[in-house]
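Participant: Sequence plus the predicted model coming up.
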Amino acid sequence: MGTKAAAGSTGRIVIIGGVAAGMSAASRAKRFDPGAEVVVFERGEYISYGACGRPYVIGGKVEDFEDLIARTPERMRGQGISVRTGHEVTGVDAGAGTVTVLDRAAGRTSTEPFDRLLIATGVSAVRPDWAQADLSGVHVLRDIPDGQAIEASLQGAGGKPAKRACIVGGGYIGLEMAEALHARGLKVILLEKGPEVAGRMLDIPLQRRVRAELEAKGLVVCCGAPVEGLTGTGHVTGVQTSGGLVRADLVIVAVGVKPNTELARAAGARLGKTGAVAVNLRQETSAAGIYAAGDNTESLHRVTRRKVHIPLGLTANRMGRVAGVNMAGGDATFPGIVGTAIFKVFDLGVSRTGLTQAEAEGVGLKAVSVDVDSTDHAGYYNDSLPIHVRLTAEVGTGRLLGAQLVSPRHISVKRVDVVAALLHRRSTVQHLFDTDLAYAPPFSGVWDVLLVAADKLNRQIRD
Ligand SMILES: Cc1cc2nc3c(=O)[nH]c(=O)nc-3n(C[C@H](O)[C@H](O)[C@H](O)COP(=O)(O)OP(=O)(O)OC[C@H]3O[C@@H](n4cnc5c(N)ncnc54)[C@H](O)[C@@H]3O)c2cc1C
């Protein structure tokens, strides 16, 4: 056990959770104050891995789960950071400045002191009551062991290799898993209780394009049919929905996540309205000396100025960096997010930033959207492909609120980053229209599709 009066000026920094937020924080803290003692407790066996790559290992685009690992505990130790895997923090005593740690292999508990504590414990997959049945072949996908368990089901751990997969949930993880299992030769049925897939990310016209892509690739998509239970004895054989029984020997439950806040609550840190840990711009919780970062933490949405819980990889890394610098005695702030996300559904690239029309209305903004169908390259250039842009702005002020893009050329939807950058500056549609975007026929039309959409939206706002 280390002591509170460690060598460095900032003393002993303890970090709970060793993936994106936790390891970013550890590296930054050590770099900022090389004299600080930095200790990371991770309950799993892996640290610092490309969490977002898991569906691509299952789908065969990445060879092995081990390929996702960016840094090993040994490498971190080489940088002077102590990483203890298989160690679960089970309690926090903020007053005493200690955490209780269970060494899972040894079954031994110890008390560890801290001067600054970071809680970077991520989220857990939601498992509704119907998914609690003790049946093999039913999986969530949160960590590498979850991915390995899915792989085992595919290889025949349930008696014989899985042939029919049912994905419950049409969010981006469900969609990525649907594609991955289809690539492995399974018959895939996607169940979504809402009226369309990708419902929380896109407006209806774009949701329909995503669904059309799934159906064009031979997947069965059933929307508006909530799951009521699972069937099977020992191994899953089907999913009971309000509309009937769907046969399946592999079920992926991807119905959402909930922030892991138990330790933050134990430490006396306030939770926000989103249910995630509330922090200020320095990633400090309401408990002195205790920070939070990553998927378990809420952030400021720069378009709405409201606190949101949008758990994504770059956000977790950024929050971790900020927390690391501040825990080591520096002064860094995390300005917030604009809700930018991108994903692939078979031959479609899909991206979004800011607010959809529905989200804007949901927070009481008077918004207007335009849709533009164009080509991603100059129309005459031989390999130009279609691209659809939906651009949203506030009526009256012309403030840009968001964009959604869909194109069969995946990289073309990275244009969303232009709008994201402008949203951070609270720019108007006119600012977007005035932006000097790159042009040559193999990349875009002379008037890029974003500029065409901005022009159309400007006219709409004026009329
Ligand atoms: C299948 C999938 C695909 C994704 N794809 C994308 C994508 O394409 N783009 C994107 O931006 N984001 C994506 N994400 C989200 C991204 O992976 C997360 O935002 C990111 O991993 C969050 O990092 P984190 O450090 O906050 O939490 P996590 O990665 O969840 O790490 C938290 C760690 O804390 C540990 N822990 C928890 N409690 C304790 C405890 N009591 N004691 C010790 N250790 C503890 C956990 O074991 C875990 O390893 C994806 C997520 C999933 C599941």
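Facilitator: Looks like it came in fine.
Participant: tell me the contacts of the residue positioned nearest the centre of the chain?
Facilitator: Nearest to the mean C-alpha position of the chain, counting by C-alpha atoms, centre = their mean, stands L312 at 3.0 Å. Contact analysis of L312 by C-beta atoms under 8 Å, 6 or more residues apart in numbering lists 337, 341. (Glycine included, C-beta is placed from N, CA and C.)
Participant: and what of the one 3 residues further on?
Facilitator: Taking C-beta under 8 Å, 6+ apart, we find T315 in contact with 294, 299, 337.
Participant: do the same with A393
Facilitator: Residues counted as contacts of A393 (C-beta under 8 Å, 6+ apart) are 367-369, 399-401, 428-429, 457, 461.
Participant: tell me which of the residues you listed is nearest to the ligand?
Facilitator: The ligand lies nearest to L401 out of the contacts of A393, by C-beta to the nearest ligand atom, at 21.1 Å.
Participant: residues in contact with the closest one?
Facilitator: By C-beta under 8 Å, 6+ apart, the neighbours of L401 are 303, 354-355, 360, 365, 367, 392-394, 423.
Participant: Just the buried residues of the contacts of A393.
Facilitator: Among these, those classed as buried by 16 or more other C-beta atoms under 10 Å are 367-369, 399-401, 428-429, 457, 461.
Participant: Including distance to the ligand, could the residues you listed go into JSON lines?
Facilitator: Converted to JSON lines, the buried ones among the contacts of A393 look like this (distance: C-beta to the nearest ligand atom, whole Å):
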{"residue": "A367", "distance to the ligand": "25"}
{"residue": "V368", "distance to the ligand": "29"}
{"residue": "S369", "distance to the ligand": "24"}
{"residue": "R399", "distance to the ligand": "25"}
{"residue": "L400", "distance to the ligand": "22"}
{"residue": "L401", "distance to the ligand": "21"}
{"residue": "T428", "distance to the ligand": "28"}
{"residue": "V429", "distance to the ligand": "27"}
{"residue": "L457", "distance to the ligand": "27"}
{"residue": "I461", "distance to the ligand": "31"}
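Participant: Which of those fall within strands?
Facilitator: Per DSSP state E, strands hold the following members of the buried ones among the contacts of A393: 367-369, 400-401.
Participant: Please convert those residues to CSV, extending it with distance to V308 and pLDDT.
Facilitator: CSV is the format used below for these (distance: C-beta to C-beta, whole Å; pLDDT from 0 to 100):
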residue, distance to V308, pLDDT
A367, 17, 97
V368, 23, 97
S369, 20, 98
L400, 18, 98
L401, 15, 98
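Participant: quick one: contacts of stretch 66-76?
Facilitator: Applying C-beta under 8 Å, 6+ apart, the contact partners of stretch 66-76 are 23, 26, 40, 46-51, 53-54, 57, 62, 82-85, 144.
Participant: Okay, now it: how far is its last residue from its first?
Facilitator: 17 Å (C-alpha to C-alpha, to the nearest Å).
Participant: Can you list the buried residues in it?
Facilitator: 68, 71, 73, 76.
Participant: Make JSON lines from the residues you listed and add secondary structure and pLDDT to it.
Facilitator: Listed next are the buried residues of stretch 66-76 as JSON lines, based on DSSP: H, G, I helix; E, B strand; the rest coil; pLDDT from 0 to 100:
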{"residue": "L68", "secondary structure": "helix", "pLDDT": "89"}
{"residue": "R71", "secondary structure": "coil", "pLDDT": "85"}
{"residue": "P73", "secondary structure": "helix", "pLDDT": "89"}
{"residue": "M76", "secondary structure": "helix", "pLDDT": "90"}
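Participant: which of the residues you listed lies closest to T237?
Facilitator: L68 (31.8 Å; C-beta to C-beta).
Participant: if we can go back for a sec, now render the ones in strands among the buried ones among the contacts of A393 as TSV, adding distance to T233.
Facilitator: Shown next, in TSV, are those (distance: C-beta to C-beta, whole Å):
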residue	distance to T233
A367	51
V368	55
S369	50
L400	55
L401	51
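Participant: quick check, nearest of these to D347?
Facilitator: For those, the residue nearest D347 by C-beta to C-beta is S369; the value is 24.7 Å.
Participant: Give me the phi and psi angles of Y172.
Facilitator: Main-chain dihedrals, Y172, degrees, to the nearest 10: phi -70, psi -30.
Participant: Which members of the buried ones among the contacts of A393 are the farthest-apart pair?
Facilitator: The span of the buried ones among the contacts of A393, defined through C-beta to C-beta, is set by S369 and T428 at 15.2 Å.
Participant: Now, the contacts of L401 that are in strands?
Facilitator: Using DSSP E, the contacts of L401 in strands are 354, 367, 392-394.
Participant: and of these, the nearest to G289?
Facilitator: When these are ranked by distance to G289 (C-beta to C-beta), G354 comes first, at 35.1 Å.
Participant: I figured the closest one hits H424, correct?
Facilitator: No. Contact between G354 and H424 fails when scored by C-beta atoms under 8 Å: they sit 10.0 Å apart.
Participant: Residue of the stretch 151-300 of the chain closest to the ligand, please.
Facilitator: In the stretch 151-300 of the chain, the residue that lies nearest the ligand is G294 (2.2 Å; C-beta to the nearest ligand atom).
Participant: My reading is that that residue is in a helix; is that accurate?
Facilitator: No. Assigned with DSSP: H, G, I helix; E, B strand; the rest coil, G294 falls outside any helix and is coil.
Participant: Please identify the residues of the stretch 101-250 of the chain in proximity to the ligand?
Facilitator: 120-123, 141-142, 173 (C-beta under 6 Å from any ligand atom).
Participant: Dump the residues you listed into CSV; add pLDDT as well.
Facilitator: Below are those laid out as CSV (pLDDT from 0 to 100):
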residue, pLDDT
A120, 98
T121, 98
G122, 97
V123, 97
L141, 93
R142, 90
I173, 95
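Participant: In strands, which of those residues fall?
Facilitator: Among these, the ones falling in strands (DSSP E) are V123.
Participant: ok, the residues of the stretch 101-250 of the chain next to the ligand vs the ligand, which is closest?
Facilitator: Ranked by distance to the ligand (C-beta to the nearest ligand atom), these are led by G122 at 2.3 Å.
Participant: what residues are up against that closest one?
Facilitator: G122 touches 17, 19, 21, 142, 259-260, 294-296, 311, 316, counting by C-beta under 8 Å, 6+ apart.
Participant: Can you lay out those residues as JSON lines showing neighbour count and distance to A149?
Facilitator: Output for the contacts of G122, formatted as JSON lines (neighbours: other C-beta atoms under 10 Å; distance: C-beta to C-beta, whole Å):
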{"residue": "G17", "neighbour count": "30", "distance to A149": "21"}
{"residue": "V19", "neighbour count": "26", "distance to A149": "18"}
{"residue": "A21", "neighbour count": "34", "distance to A149": "24"}
{"residue": "R142", "neighbour count": "18", "distance to A149": "11"}
{"residue": "P259", "neighbour count": "24", "distance to A149": "23"}
{"residue": "N260", "neighbour count": "20", "distance to A149": "20"}
{"residue": "G294", "neighbour count": "33", "distance to A149": "23"}
{"residue": "D295", "neighbour count": "28", "distance to A149": "21"}
{"residue": "N296", "neighbour count": "31", "distance to A149": "23"}
{"residue": "P311", "neighbour count": "18", "distance to A149": "22"}
{"residue": "A316", "neighbour count": "27", "distance to A149": "23"}
